[in-house]
Structure formats: structure tokens, C-alpha cells
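A.B. asks: Sequence first, predicted model second:
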Amino acid sequence: MSEKAKVMILAEAGSHGPLPVSFELATVARKLASDIDGEVLGVIFGGNELDPSPLFRYGVDRIKLVRGTSFVHLKDDLYAQILSEVVGEERPEILLAGATSLGLSVLPRVAAALELGLTAHCTELKIRPEDKALLQIRPSFGEDVMAVIVSKTKPQMATVRPGVFRARALESPTEGRIEEISPPRDLSSGILEILSHLPLEAPPQSLQEARIVVAGGLGLGNKENFSLLKELAALLGGAVGATRPVVELGWVGPEAMVGVTGETISPRLYLAFGISGAVQHTVGIKGAEVIVAVNTDPQAPIFKLATYGLVADAREVLLALIRRLREIKGE
Ligand SMILES: Cc1cc2nc3c(=O)[nH]c(=O)nc-3n(C[C@H](O)[C@H](O)[C@H](O)COP(=O)(O)OP(=O)(O)OC[C@H]3O[C@@H](n4cnc5c(N)ncnc54)[C@H](O)[C@@H]3O)c2cc1C
């Protein structure tokens, strides 16, 4: 009997279980695997406390677990070496990872090592019925057109944007199998040496989980005005979002970037201050329930998407909102 075709995912681990992006990857891999009559194989690296079994609920059939204290923190070169070996042994048709720090670092290394093609930041993946090729779809050419890319090499490799595919647990998951891989080599052999890990002083609220996102663009004018936006976000218990130019100017860290290069989010409320509404940004907020835009230009494209629009100076509105919220809170 010939072996089943495999769709492999590089799952990501927190300290105890897989991270949400892993369930999104597993869901999309399950769909692709059923279209090629294949199985889903998850590869996951993690510490000794990690239980990867929740992946089975999302359609993974088999898990290759690389476990050890050395894998608590990302070591991209080492992960890539081990993943390349697993790819060599398992010969999957498809290999997917999240377009996250881990996926965007490890998959290009695997692609380079094995001389494979790789499509980054896919927003849609489909199997072409005629030849079972993986259609890798992503915004291209200044993000104005959707390009459909087909790999010439196998495995067909893609990273997918977190938050684009929804994770769906199976109603009746099959019983999966965990195979532990002992790290094959001297762990010090990587080319990178990590000297220390410094936790963020106050971890920012995750954009993915936030019900309210207060976001700012170049219209805020400077970093000082941007800090008013952070203040408003804190008062509302929301997360801070930003456009790409603002991140490039260093007004806020890259974790706040929303859009085609940043996060795709679905908050209940998205407040956009001084944001023009370029498609590269708005593609990331299509799932927002209510969008409120503040912009001095009545023709700004953001107003076409906004539920409520305010033609006004962003700083003035921010100051007024902060003042009012402080009054309400009795501060
Ligand atoms: C390949 C590629 C990928 C990209 N990916 C992303 C991405 O992921 N995310 C992203 O955001 N961008 C991305 N961009 C950039 C994107 O094309 C836009 O340039 C960017 O979103 C614009 O940012 P902005 O709205 O802050 O600035 P601008 O477009 O300059 O808009 C500033 C707005 O502020 C308004 N304004 C000015 N003064 C005030 C004031 N006092 N009060 C209120 N409003 C005011 C202006 O009227 C204007 O509408 C990408 C571009 C490319 C080419």
C-alpha cells in the first residue's frame, strides 16, 4: 500500500501547550490534507512541560515532538536543521508555518538548506483539483493584486498570516500519535549563541485578543502625540495599533503593526487616529465590528470603511477623550 501524502505544519509552543496560531495552521492543513487524501503531521519544539496533544482536536494525525530545555526559547538555526531532517525523512507534499517570528525565521532557512521555493504571508491556500498542486495566494505588487503562486519544488512551502484562518476544532477528532524525536546533535553546534532573554517590562496586550484597539498613523504628527494614544488605550483597557510608517519611525514597536505586513485583527472596536486608510492597512481590520476614524481630510479613504467618521484633529480628540474618561473614572 502506498504511503499517504502528508501536509506538515510547524506548530508553535507556549510553555505548556501549542499557541493559537498552531490551531489555525492545523485547521487549514486538515482541509488541504482531505483534498489530497492525506494526513496532517505536526512538528513542534518545546520544553519539558509541553503537552502538544490539543493539536489532535484540530485535525493533526501525528505529532513529531522535539523536547528539551534547549527548546524553551527559539533557536532558529537549530530548529531549521532539525526540521530539514524531518522533512527529508517524511517527504511531505506541503509544509506550512505561521508568518510569525518563528515561521518567518525558520522556514526560509529550511528553504535555503533544501533549495526549495517558499511563499510568505499567504492569505489563502487551495488545492488545484486537476493536479493537486497547492495554490498559494497572497497580496502582491504593492499589495494591489492577489497573486496565485505554485511551487516547482516539494514540499510546497508557505507561511500563513496569523488570524486569517479561523481555528476549528473537529467534532470527533481521531486519536493521534506523538513521536518524540531526541535532539540529534550537539546543541551547541548552532551558529547563533543566545546570551540572555529579557522579558518585556510590561507585556503589551495582544492585538489578536484585544476587544478594543486604539490605532494611530502619521497624522498624529510625532511620538509625543502617539503616547496620548497609548494613554487612551490604557484607559479603555485596549491594545495599541499602528500603521507601518509609524512603526518604521519608532513611535511604537513592530508588535503594534496592523495590516498586510502586520497583524490581521477582529476587535469589537477599532479607533483610527490620523490613519489614511491605505489598503495595506485596512486589509488587517476587515474583521473589526465597529471602526471609528478621526482624520482632518474628509476625503481620506478610511472614511469609506468607517462606521463613524470624525473630521477633526487627532490630538484634540485624543485629549478630549482622555479628559472625559478620567472624569468618569474619578481620576
Ligand atoms: C508592500 C507594502 C506593505 C505594506 N504593509 C503595510 C501594513 O502592514 N500596514 C500599514 O499600515 N501600512 C502598510 N504599508 C504602507 C501603506 O501603503 C501606507 O503607506 C500606510 O498605511 C499609510 O500610513 P498612515 O495612514 O499612517 O499615513 P498616511 O497615509 O500619510 O496618512 C496620514 C493621515 O493622517 C491624516 N492627518 C494629517 N494630520 C492629521 C491630524 N492633525 N489629525 C488627524 N488626521 C490627520 C491625513 O489626512 C492622512 O489621511 C505597506 C506598503 C507596502 C508597499
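C.D. replies: Arrived safely.
A.B. asks: and the residue nearest the centre of the chain, what element?
C.D. replies: Central residue of the chain (CA atoms, centre = their mean): residue 162, 2.8 Å from the mean position. Following DSSP states H and E, there is no helix or strand that holds residue 162.
A.B. asks: how far away is it from residue 28?
C.D. replies: Computed with CB to CB, to the nearest Å, the distance linking residue 162 and residue 28 is 11 Å. C-beta coordinates here come from the backbone N, C-alpha and C atoms, glycine included.
A.B. asks: who touches stretch 295-314?
C.D. replies: For stretch 295-314, the external contacting residues (CB atoms under 8 Å, 6 or more residues apart in numbering) are 216, 219-221, 225, 272-278, 282, 285, 290-294, 317.
A.B. asks: Could you list which of those also contact the ligand?
C.D. replies: 219, 274-276, 278, 294 (CB under 6 Å from any ligand atom).
A.B. asks: Next, find the distance separating residue 97 from residue 8.
C.D. replies: From residue 97 over to residue 8 the distance is 9 Å, taken as CB to CB.
A.B. asks: quick one: secondary structure of residue 60?
C.D. replies: Under DSSP: H, G, I helix; E, B strand; the rest coil, residue 60 falls in the coil class.
A.B. asks: The closest residue to it other than its chain neighbours and residue 259, how far apart?
C.D. replies: Spatial nearest neighbour of residue 60, chain neighbours left out: residue 42 (4.3 Å); criterion: CB to CB, 6 or more residues apart in numbering. As judged by CB to CB, residue 42 and residue 259 stand 29 Å apart.
A.B. asks: The two - which one has more neighbours?
C.D. replies: Higher neighbour count among residue 42 and residue 259: residue 42, with 27 against 24, using other CB atoms under 10 Å.
A.B. asks: Run through who's touching whichever strand or helix holds the more buried one.
C.D. replies: Here residue 42, judged by DSSP H and E, is contained in strand 39-46. Outside strand 39-46, the residues that touch it by CB under 8 Å, 6+ apart are 4-13, 15, 18, 22, 26, 29-30, 33, 50, 52, 55, 59-67, 71-72, 79, 82-83, 86, 90, 92.
A.B. asks: Given it, what are its sheet partners and their directions?
C.D. replies: strand 6-11 (parallel), strand 62-67 (parallel) (DSSP bridges).
A.B. asks: of all these, which lies closest to residue 263?
C.D. replies: The closest approach between residue 263 and any of the strands paired with strand 39-46, judged by CB to CB, belongs to strand 6-11 at 19.3 Å.
A.B. asks: got the angle for the next helix or strand along the chain from that closest one vs strand 6-11?
C.D. replies: Tracing the chain past strand 6-11, the next element assigned as helix or strand by DSSP H and E is helix 20-35. Relative orientation of helix 20-35 versus strand 6-11 (axes from the mean of the first three to the mean of the last three CA atoms, to 10 degrees): 180 degrees.
A.B. asks: Next, the buried residues of helix 20-35.
C.D. replies: Neighbour counts using 16 or more other CB atoms under 10 Å place 20-33 of helix 20-35 among the buried residues.
A.B. asks: Mind giving me the packing neighbours of that helix?
C.D. replies: Applying 3 or more CB pairs under 8 Å, 6 or more residues apart in numbering; DSSP states H and E, we find helix 20-35 packed against strand 6-11, strand 39-46, strand 94-98, strand 124-127, strand 156-160.
A.B. asks: which stretch among the ones you listed comes nearest residue 240?
C.D. replies: Of these, nearest to residue 240 by CB to CB is strand 94-98, at 21.9 Å.
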